[in-house]
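Peer 1: heads up, no residue letters with this:
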C-alpha cells in the first residue's frame, strides 16, 4: 500500500503554535485529510485539502501542501490543552475510496 | 457528525472463538469500512463495502469476513479469533459525493486471550 509517514510525538506549550508534518508517496492522491483522535474516541475529521491547492485555512488550523515534495503539514495556532490528541493524516483519491493513514502524531500540550 | 454506532464497545474473548462486531449508520451512506488500529501502524483497512451485498478486501483482510445485508449495517466476523487480532476496530461510512468524507464510529476494543 501507499506509505504515509508522520513523526510519533510532539510537545508544545499552551499558547504556542503546533506544526504536525506528514509525507506521502502516492502522487495520484486527490484528497489529503487531517483527523483528530481524542482518548477512547473515534476519529474526527478536522479538515482536508484538494491536491490542486497549496494552502487551506480554517480558524486556528492551517494546512500546507507541497506537492513536489509530497509533504503535508497541519499548523494549529494558539494551541490549547484541548488540542492534546493523536492527529492522523490520510490520503486517497476521493473520500469514498480507500484511505491510507499515517501512524499518527501524539500532540501533548503543556500548560 | 454522522450517526455511526459500534457494538460491542469492548469485548474479551478466547483464542479460537468466533466474534462478530456490528456497525450501524443512520446516514444512508453507500460506503462502509472496517479498519483496525494498532500502535505503530495507524489505521489499516480490513474490508469495505460499496453497497448492499457488495464488499471487497482491504490491506489486512486475512482472518476476517464481512457482510452487508442492509444499507445501515456492516458486520465484521472473526471466524476463529487469534491473539494477533487483539486491536481496536473502527467502522466508517461515506456518501457518494465527490467531496464526501469518511465518518468514524467510536471503536470497539477487542482482546483475544
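Peer 2: Structure's in. What do you need? On a predicted model such as this, the values are computed, not experimentally measured, just so you know.
Peer 1: which residues of chain A lie near chain B?
Peer 2: Residues of chain A found near chain B (C-beta under 8 Å from any C-beta of the partner chain) are A:1, A:4, A:31, A:33, A:35, A:40-45, A:48, A:88, A:90, A:94-96, A:98-99, A:101-104. For every residue, glycine as well, the C-beta is placed using N, CA and C.
Peer 1: put the buried members of those residues into a ChimeraX selection.
Peer 2: Provided next is the ChimeraX selection string for whichever of the residues of chain A next to chain B are buried by 16 or more other C-beta atoms under 10 Å in any protein chain shown:
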select /A:4,31,33,35,42,43,45,48,88,90,94,95,96,98,99,101,102,103,104
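Peer 1: run through the strands of chain A in chain order.
Peer 2: According to DSSP state E, chain A carries its strands in the segments A:4-6, A:9-13, A:18-24, A:31-37, A:43-50, A:55-58, A:61-66, A:71-76, A:85-92, A:100-101, A:105-110.
Peer 1: in the helix or strand where residue B:110 lies, which residues are buried?
Peer 2: Take DSSP states H and E as the rule and residue B:110 turns out to sit in strand B:108-112. Of the residues in strand B:108-112, B:108, B:110, B:112 count as buried by neighbour count, 16+ other C-beta under 10 Å.
Peer 1: chain A: which of those residues is nearest?
Peer 2: residue B:108 (10.2 Å; C-beta to the nearest C-beta).
Peer 1: for chain B, what spans make up the strands?
Peer 2: For chain B, applying DSSP E gives strands covering B:4-7, B:10-13, B:19-25, B:31-38, B:42-51, B:54-57, B:64-70, B:73-78, B:87-94, B:103-104, B:108-112.
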